[in-house]
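**Q** When you get a sec, could you give me coordinates for this:
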Amino acid sequence: MIRTLAVWLPDWPVVAAEIVDGVPAHTPVAVLAANRVVACSESARAEGIRRGLRKREAQSRCPDLAVVAYDPARDTRAFEPVVAAVEELAPGVEILRPGTCALAARGPSRYFGGEERAAERIVEHIAQSCAVESQVGIADGVFAAGLAARAGFVVAPGRTPEFLAGRNITVLDRPQLTDLLRRLGIRTLGDFAALPPGDVLARFGFDAAYAHRLAAGRDGAPLAVRRPPPHLDVTETFDEPLDRVDVAAFVARALAQRLHDRLAAHALACTRLGVEAVTVNGEELYRTWHHEGLLTAAAVADRVRWQLEGWLTRTARPTSGILRLRLVPDGVVPHAGLQTGLWGDVGEDRERAHRALSRVQGMLGMEAVVTAVLDGGRSPADQVRLVPWGEERAPRQSTHPWPGRLPAPSPATVLVRPQPAAVLAADGSPVTVTARLAVSGAPARVAVADGDPVEVVGWAGPWPVDERWWAPAEARRLVRFQVSLADGRGLLLALRAGVWTVEGVYD
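**A** Residues are numbered from 1 along each chain as shown. Presented below is the predicted three-dimensional model:
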């Protein structure tokens, strides 16, 4: 059995919310998932808040309770510096969950002169590096070490089964199994461990058999240690601030080569590059460059040079020279080599165009060159999204048919600003639509802006849209019509709150 050291940070979802979102953890705070409390602060527990309470009951016990949505990504991001701090003292850390990690105790105990001293040293280092409280437990196996950390206890070698025996069966974190065991009168890990292993397997299945091993202190699963991410950023601080393009070009070439060499040492290549600059007056500038292929040292140097040229020559240039420059490989992939086409580099023209457009972006900004991407949505304006050149052109929303989406064909021209229009029936009265989608009269004439009315030779609709009705400030309710006019034009019309507009024009 491997002696394992576990690090546990109490109320971590609450602490992470304070670190990332600024929610004060010293006040009553509850983290909710599926409308139930999954974590709460110490002051909230003093008000009677407990895990498992529904939101309404928790707020009735503490009217001043701050409610935070459970966000595993937030907890993981905030936990990364803690793991890095532990790795500074002992490598081979496994993250059990955000707020809990484990490592083999043998190494740290040798470094620091015993298991108790190693536990104290790690707790002190986390407090100094990350300013958060932690507890450490040591036992035989990962499961027992995690429980020992919650008690801040070091279990003597060979005494793990005794330590586990009195623990409540719910610590197995298997609600269905523990509920069944409690109804059978099994309330502690010792009671569960006393059952014959073969009977547990036959009656409850494989997962229960594994839980039975944990309860008996026979956790033989090896640690799945993580590999610390390599430090890939390169930074250069200048004695004389950069304020000339030619000097910046020379610096860009040297810094790009350093970045390329560092990536190559880890068999990595860069696909997305971040360029960060800090001026003498403290101004912070940052720009991200995307590339569809792998960025070579020359390609990185070009982009850094273009970006510095853009910052140093634009109208709204920094108020002082650049004092520090940092390159961040924001997107990296394993470098297995880039194979050219069978008949040579057929993408030379494409690469030349990419370099030219990237240089324009360096001088004028990322939004100066954009391309269209088809996206999900109900209206033609929602289905086309403009993204800066070089960024990923994947749709953000599902492109599958949306309820209320207009049928084909789509308008050839989508107006950025819809034009006002008037839609009249045969008797000259304005056409309206009721809440039950009843049209007051067939559209007979349409006048766009201040133009003369044009006869309608065909129409279709209405197609209703009722979006985000749950958010009144963002709600949108309207109906759309397609009309064909006698002058050969086809229009996409929208009626919202009694006002007609032209959203698109068909060829």
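**Q** C-alpha only now, for contacts and for neighbours.
**A** Will do.
**Q** gap between residue 210 and residue 262?
**A** 44 Å (CA to CA, to the nearest Å).
**Q** wait, I meant residue 297
**A** Distance from residue 297 to residue 262, by CA to CA: 11 Å.
**Q** just residue 2 next, same as before
**A** Counting by CA to CA - residue 2 and residue 262 are separated by 36 Å.
**Q** Likewise for residue 421?
**A** Residue 421 is 61 Å from residue 262, by CA to CA.
**Q** now residue 3
**A** Residue 3 is 36 Å from residue 262, by CA to CA.
**Q** So which residues of the stretch 251-400 of the chain form helices?
**A** 297-313, 348-364 (DSSP state H, counting those that start in this stretch).
**Q** any idea which of these scores lowest on pLDDT?
**A** Lowest mean pLDDT within the helices of the stretch 251-400 of the chain: helix 348-364, a mean of 66.
**Q** Which of residue 3 and residue 262 has more residues huddled nearby?
**A** Neighbours were counted for residue 3 and for residue 262 using other CA atoms under 10 Å; residue 3 has more, 21 against 18.
**Q** just checking, that one touches residue 108?
**A** No: with contact defined as CA atoms under 8 Å, residue 3 does not reach residue 108; the gap is 11.1 Å.
**Q** Secondary structure element for the residue positioned nearest the centre of the chain, which one?
**A** Centroid-nearest residue in the chain, with CA atoms, centre = their mean: residue 73, separated by 6.5 Å. Assigned by DSSP states H and E, residue 73 falls within helix 72-89.
**Q** That helix packs against which elements?
**A** The contact analysis (3 or more CA pairs under 8 Å, 6 or more residues apart in numbering; DSSP states H and E) places helix 72-89 against helix 12-21, helix 115-130.
**Q** Same list, those helices, but as JSON lines with mean pLDDT and distance to residue 189 please.
**A** Listed next are the helices and strands packed on helix 72-89 as JSON lines, based on pLDDT from 0 to 100; distance: least, CA to CA, whole Å:
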{"stretch": "helix 12-21", "mean pLDDT": "93", "distance to residue 189": "26"}
{"stretch": "helix 115-130", "mean pLDDT": "94", "distance to residue 189": "26"}
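**Q** okay, those helices, which one's buried deepest?
**A** The highest mean neighbour count among the helices and strands packed on helix 72-89, using mean count of other CA atoms under 10 Å, belongs to helix 12-21: a mean of 21.
**Q** Would you list the strands that whichever helix or strand comes after it pairs with, along with their directions?
**A** As assigned by DSSP H and E, the chain's next helix or strand after helix 12-21 is strand 29-33. Looking at strand 29-33 with DSSP bridges, its partner strands are strand 36-40 (antiparallel), strand 66-69 (parallel).
**Q** How far does the last one sit from its chain's centre?
**A** The reference is to strand 66-69. How far strand 66-69 lies from its chain's middle: 19 Å, per CA atoms, centre = their mean, to the nearest Å.
**Q** Would you mark the buried spots in that strand?
**A** Within strand 66-69, the residues that qualify as buried are 66, 67, 68, counting by 16 or more other CA atoms under 10 Å.
**Q** same deal with stretch 200-216?
**A** Quick answer for stretch 200-216 (16+ other CA under 10 Å): 200, 208, 209, 211, 212, 214, 215, 216.
**Q** try stretch 464-478
**A** For stretch 464-478, by 16+ other CA under 10 Å, it's 464, 465, 478.
**Q** Select, out of the helices and strands packed on helix 72-89, the one closest to residue 506.
**A** helix 12-21 (47.5 Å; CA to CA).
**Q** by contact count, what packs against the closest one?
**A** Secondary elements touching helix 12-21 (3+ CA pairs under 8 Å, 6+ apart): strand 29-33, strand 36-40, helix 72-89.
**Q** do that again at 6 Å, thanks
**A** helix 72-89 (3 or more CA pairs under 6 Å, 6 or more residues apart in numbering; DSSP states H and E).
**Q** Just give the strands next to the following helix or strand past the helix it packs on in its sheet, each with its orientation.
**A** Where DSSP H and E defines the elements, the next helix or strand beyond helix 72-89 is strand 94-97. Sheet pairing of strand 94-97 (DSSP bridges) gives strand 100-104 (antiparallel).
**Q** Let me know the average pLDDT across the strand it pairs with.
**A** 93.
**Q** okay, the angle between it and helix 72-89?
**A** For strand 100-104 against helix 72-89, the angle between stretch directions is 30 degrees (axes from the mean of the first three to the mean of the last three CA atoms, to 10 degrees).
**Q** Residue 82: neighbouring residues, count only.
**A** Counted with other CA under 10 Å, residue 82 comes out at 24.
**Q** go on, the one 10 residues further on?
**A** Other residues within reach of residue 92, judged by other CA under 10 Å, total 16.
**Q** mind checking pLDDT for it?
**A** Residue 92 is given a pLDDT of 85.
**Q** domains for this structure, by residue range?
**A** 3-151, 166-215, 234-336+344-364, 413-506 (automatic domain parsing).
**Q** out of the ones you listed, nearest to residue 158?
**A** domain 3-151 (7.3 Å).
**Q** Name the nearest residue to residue 505, ignoring sequence neighbours.
**A** Closest residue to residue 505 apart from its sequence neighbours, by CA to CA, 6 or more residues apart in numbering: residue 491 at 4.7 Å.
**Q** tell me the SS of the one you found?
**A** strand (DSSP: H, G, I helix; E, B strand; the rest coil).
**Q** Show me what it is bridged to.
**A** Applying DSSP bridges, one finds that residue 491 bridges with residue 483, residue 505.
**Q** List the residues that contact it.
**A** Residue 491 makes contact with 482, 483, 504, 505, 506 under the criterion CA atoms under 6 Å, 6 or more residues apart in numbering.
**Q** tell me the average confidence for stretch 146-165?
**A** On average, stretch 146-165 scores 93.
**Q** Pass me the low-pLDDT residue ranges in this structure, would you?
**A** Confidence mapping of the chain against pLDDT under 70 gives the ranges 225-229, 291-293, 314-317, 335-352, 354-355, 358-359, 361-366, 390-401, 404.
**Q** which residue of it sits farthest from its center?
**A** residue 427 (56.5 Å).
**Q** sec struct for that residue, please.
**A** Under three-state DSSP, residue 427 comes out as coil.
**Q** phi, psi of it?
**A** phi -90, psi 10 (degrees, to the nearest 10).
**Q** just to revisit the earlier point, need the buried residues of strand 66-69 in a markdown table (columns: distance to residue 288).
**A** Below are these laid out as a markdown table (distance: CA to CA, whole Å):
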| residue | distance to residue 288 |
| --- | --- |
| 66 | 36 |
| 67 | 35 |
| 68 | 31 |
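**Q** List just the nearest of these to residue 47.
**A** Of the buried residues of strand 66-69, the one sitting nearest to residue 47 (CA to CA) turns out to be residue 66, at 12.5 Å.
**Q** From residue 31, how far off is residue 8?
**A** 18 Å.
**Q** Residue 437 too?
**A** Residue 437 is 44 Å from residue 31, by CA to CA.
**Q** cool, residue 158 as well?
**A** 38 Å.
**Q** higher neighbour count, those two?
**A** residue 31 (23 against 13).
**Q** OK, contacts around that one?
**A** 37, 38, 39, 68, 69, 70.
**Q** How about residue 193?
**A** 212, 215, 216.
**Q** could I get the residues you listed as TSV with secondary structure?
**A** What follows is the contacts of residue 193, written out as TSV (three-state DSSP):
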residue	secondary structure
212	helix
215	helix
216	coil
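**Q** Closest to residue 166 out of those?
**A** Closest to residue 166, out of all of the contacts of residue 193 and judged by CA to CA, is residue 215, at 10.1 Å.
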